[in-house]
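Student: My questions concern the predicted model and sequence given below.
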Amino acid sequence: MSYELIQNNQYNIGHICTKQQCEAGRGKKTAMRWFSPRLERSDYTFSDLEGSSNRFANLLKGLGIAKGEVLFTFLPKSTEQIVAFLGSLKVECITGTLFSNFGEDSLLDRLGDSAARLVVTRKSLYRKIERIRDQLPALRTIILTDVAADLSADVLSWPHLMADASETFAVPVTTADTPSVLHYTSGSTGKPKGVLHRHGSVLQQSHTASEVLGLGEDDLFWCTADQGWVTGTSYGIIGPWSLGVTQLHYSGGYDAGHWLDLLQRERVTVWYTAPTALRMLMREEQELYQGLDLNHLKQIFSVGEPLNPEVIIWSRSCLDKEIYDTWFQTETGAIMIANRPGVPIRPGSMGTALPGIEPGILADDGTELPAGSQGNLCLKAGWDSMFITYLNNDSAYRSKFRDGWYYTGDMAWQDRDGYYWFLGRSDDVINTSGHLVSPFEVESALLELPEIAESGVIGVPDELLFEKVIAFVHIDAGIEFTAELELKIRLHIANRLSSVAIPQEVLQLERLPKNKSGKIMRRVLKARYLGLDAGDISTLEE
Ligand code: AMP
């Protein structure tokens with residue numbers, strides 16, 4: 001596919017994914033084949049996307065939203081989410097996507113920290129925002145996608161606004177360094193951090209969509225990730241459309257029958273999904289696979305968590321397909337390390353570095369370690385889709401870089417042939433089915449319950465989810481730890497944070513292990529849960 005990605009110094013992602021595709025003669029080509037959870041289909045051309053994202057850009061202008069201001073969508077997978085994403089980038093706004101499962105604390109942290117001006121959501125989800133709105137002074141406008149008329153002067157109707165907005169919009173010539181997409185990521189301490197990207201990231205997203213995923217003019221690509229996370233925006237929107245590739249979007253959740261039906265019937269050629277989903281497919285009744293014709297499917301890629309060799313072996317025998325694991329994170333914006341066609345797969349390894357990407361395995365003191373040694377997975381700073389800051393937290397951003405290396409927070413080792421092998425996180429962040437969960441955030445939310453005096457949260461290995469969340473709680477004297485209380489705890493976490501963060505087990509402890517400064521020792525909790533040696537416990541005070 002030979003066409004210049006950057007034309008006339010125009011780096012604007014919204015422009016590149018829509019207008020530029022129309023100018024390249026793809027106006028009538030299907031950009032998006034949309035399926036509802038019940039598999040009703042609607043097709044949208046690049047010209048449709050261009051028109052509707054222009055309308056959204058115009059309506060933002062009409063509302064006085066300017067370059068550099070922050071807005072979010074808070075929606076389940078929906079066409080409006082995608083249109084708002086592209087349209088706001090056209091105006092050079094900073095645009096974020098909030099996972100539709102988020103509870104009030106998760107919303108408040110993100111909308112508050114970013115001083116978001118506008119949120120696009122739907123009626124049922126708006127209730128969550130209404131409850132915290134008085135704590136969000138910067139939030140001026142809410143747009144609801146499913147009301148026909150405005151509800152008030154600042155709670156407006158999407159259909160109404162869009163109908164009134166013009167379909168033409170002159171996108172400003174946007175520099176590579178102009179801020180673009182904002183995704184919050186959870187750490188092991190403190191509040192989630194706003195990972196800010198720039199329009200120039202499109203170079204890496206486009207390049208990897210073509211060189212790793214192998215996307216070309218005739219492909220039908222399906223990325224199952226939710227747009228609330230980086231994979232859903234980098235590869236469910238930007239990368240493929242920057243190349244003019246048709247994407248399938250299915251707005252339902254995991255459903256083996258529907259998924260396989262779509263893969264077969266729609267003749268998907270490249271599929272990007274997650275290890276947990278693949279493990280779920282592996283557990284389905286084998287009859288589901290009888291007679292399945294996936295001849296047109298060239299390859300499957302996965303991301304987000306380690307891909308265990310069993311899944312690769314299952315896919316070879318059951319689907320007759322290779323699965324190529326890829327590695328990246330919110331901060332890297334695009335794939336950095338990957339297995340890909342033409343490079344033999346070593347099952348269990350994340351693959352090799354992409355051209356132009358220089359990973360290193362470093363000791364804690366910054367020494368570069370030789371092949372075979374375990375250490376911090378680092379990347380030489382300066383790749384095109386490198387995040388530009390943690391919003392309002394430049395010191396945290398700077399702390400991630402040392403001597404020109406970016407510290408990813410992952411531990412890994414490299415073999416003599418340049419393959420990288422994931423070992424785990426260097427911090428306590430939990431990766432459950434590809435979602436990062438902060439133990440700190442869950443612990444803090446647990447302490448909001450009057451019954452709970454202390455809490456400690458860890459992640460432990462899980463066969464399906466990679467890791468699962470386990471909560472230890474110390475209950476106030478005189479209170480009984482009943483099934484009702486456990487249910488209350490789970491609901492509370494879902495309401496405050498998200499369903500992803502719900503502890504799979506809640507265990508009561510008389511006393512939580514703490515160090516001399518009173519900090520809960522998660523390492524000790526984990527070792528005890530797993531029946532392992534807790535290592536150095538000289539600072540333990542129980
Ligand atoms: P996020 O920033 O939420 O996208 O999460 C990124 C983190 O997910 C990485 O730092 C890794 O810990 C993990 N991760 C992503 N891809 C892989 C992979 N292929 N293998 C192992 N872990 C992965």
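Tutor: Now that the structure is in, tell me what you want to look at.

Student: Check the gap between the residue positioned nearest the centre of the chain and Ala274 for me.
Tutor: The structure's the chain has its C-alpha centroid closest to Trp229; by C-alpha atoms, centre = their mean the separation is 2.1 Å. Distance, Trp229 to Ala274, by C-beta to C-beta, to the nearest Å: 10 Å. C-beta here means a position set from N, CA and C on the backbone, and glycine is covered the same way.

Student: And Gly333, how far from His207?
Tutor: From Gly333 over to His207 (counting by C-beta to C-beta), the distance is 12 Å.

Student: So those two - more neighbours on which side?
Tutor: The neighbour comparison of Gly333 against His207 (other C-beta atoms under 10 Å) goes to Gly333, with 30 against 21.

Student: Was I right to think the more buried one contacts His199?
Tutor: No - the pair Gly333 and His199 does not pass the contact test of C-beta atoms under 8 Å, sitting 11.2 Å apart.

Student: Now list whatever residues contact both of the two.
Tutor: Where contact means C-beta atoms under 8 Å, 6 or more residues apart in numbering, no residue is in contact with each of Gly333 and His199.

Student: about what we covered before: quick one: common contacting residues for Trp229 and Ala274?
Tutor: Gly434.

Student: From Tyr407, how far out is the residue nearest to the centre of the chain?
Tutor: 21 Å.

Student: Okay, and the beta partners of Gln7?
Tutor: Beta-bridge pairing for Gln7 (DSSP bridges): Gln10.

Student: Check Tyr272 too.
Tutor: Beta-bridge pairing for Tyr272 (DSSP bridges): Cys223, Phe301.

Student: mind listing what's buried in stretch 273-293?
Tutor: For stretch 273-293, a neighbour-count test (16 or more other C-beta atoms under 10 Å) marks 273-282 as buried.

Student: Sorry, slip of the keys, the one I care about is stretch 384-392.
Tutor: In stretch 384-392, residues buried by neighbour count (16+ other C-beta under 10 Å) are 384-391.

Student: Over to stretch 315-327?
Tutor: Of the residues in stretch 315-327, 315, 319, 322-327 count as buried by neighbour count, 16+ other C-beta under 10 Å.

Student: What's the biggest helix in this structure, counting residues?
Tutor: With DSSP state H applied, the helix covering the greatest number of residues in the chain is identified as helix 46-62.

Student: which residues sit against it?
Tutor: Among residues not part of helix 46-62, those counted as contacts by C-beta under 8 Å, 6+ apart are 14, 17-19, 21-22, 26-29, 31-32, 71, 82-84, 86-88, 90-91, 93, 118, 161-162, 164-169, 171, 241, 244.

Student: same thing but at 7 Å, please
Tutor: Taking contacts as C-beta atoms under 7 Å, 6 or more residues apart in numbering, the residues outside helix 46-62 that touch it are 14, 18-19, 21-22, 26-29, 31-32, 83-84, 86-88, 90-91, 93, 161-162, 165-169.

Student: These in strands, which ones?
Tutor: If you go by DSSP state E, those have 31-32 in strands.

Student: which of the contacts of helix 46-62 are buried?
Tutor: Among the contacts of helix 46-62, the ones that count as buried by 16+ other C-beta under 10 Å are 14, 18-19, 21-22, 26-27, 29, 31-32, 83-84, 86-88, 90-91, 93, 161-162, 165, 169.

Student: Which ones among those map onto helices?
Tutor: Secondary-structure check on the buried ones among the contacts of helix 46-62 using DSSP H: residues within helices are 14, 19, 21, 83-84, 86-88, 90, 161-162.

Student: now, the most widely separated pair of those residues?
Tutor: Greatest spatial distance in those: Gln21 and Leu161, 24.8 Å, computed using C-beta to C-beta.

Student: wait, doesn't Ile452 sit right on Ala471?
Tutor: No - distance between Ile452 and Ala471: 9.3 Å, which falls outside the contact criterion (C-beta atoms under 7 Å).

Student: The ligand next: which of the ones in helices among the buried ones among the contacts of helix 46-62 are close?
Tutor: Contacts with the ligand within these, as defined by C-beta under 6 Å from any ligand atom: none are present.

Student: so what pLDDT did the nearest residue to Ser234 once chain neighbours are set aside get?
Tutor: Counting by C-beta to C-beta, 6 or more residues apart in numbering, the nearest residue to Ser234 once its immediate chain neighbours are dropped is Gln205, at 5.0 Å. If you check Gln205, the pLDDT there is 98.

Student: cool, Ile357 as well?
Tutor: On pLDDT, Ile357 comes in at 98.

Student: residue contacts, Ala412?
Tutor: Residues in contact with Ala412, defined by C-beta under 7 Å, 6+ apart, are 361, 377, 420-423.

Student: Can you select the buried ones among the residues you listed for me in PyMOL?
Tutor: One line in PyMOL is enough to select the buried ones among the contacts of Ala412; burial here means 16+ other C-beta under 10 Å:
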select buried, resi 361+377+420+421+422
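
Student: Please pick out the residue of the chain most distant from its centre.
Tutor: Largest centroid distance in the chain under C-alpha atoms, centre = their mean is Gly478 at 42.0 Å.
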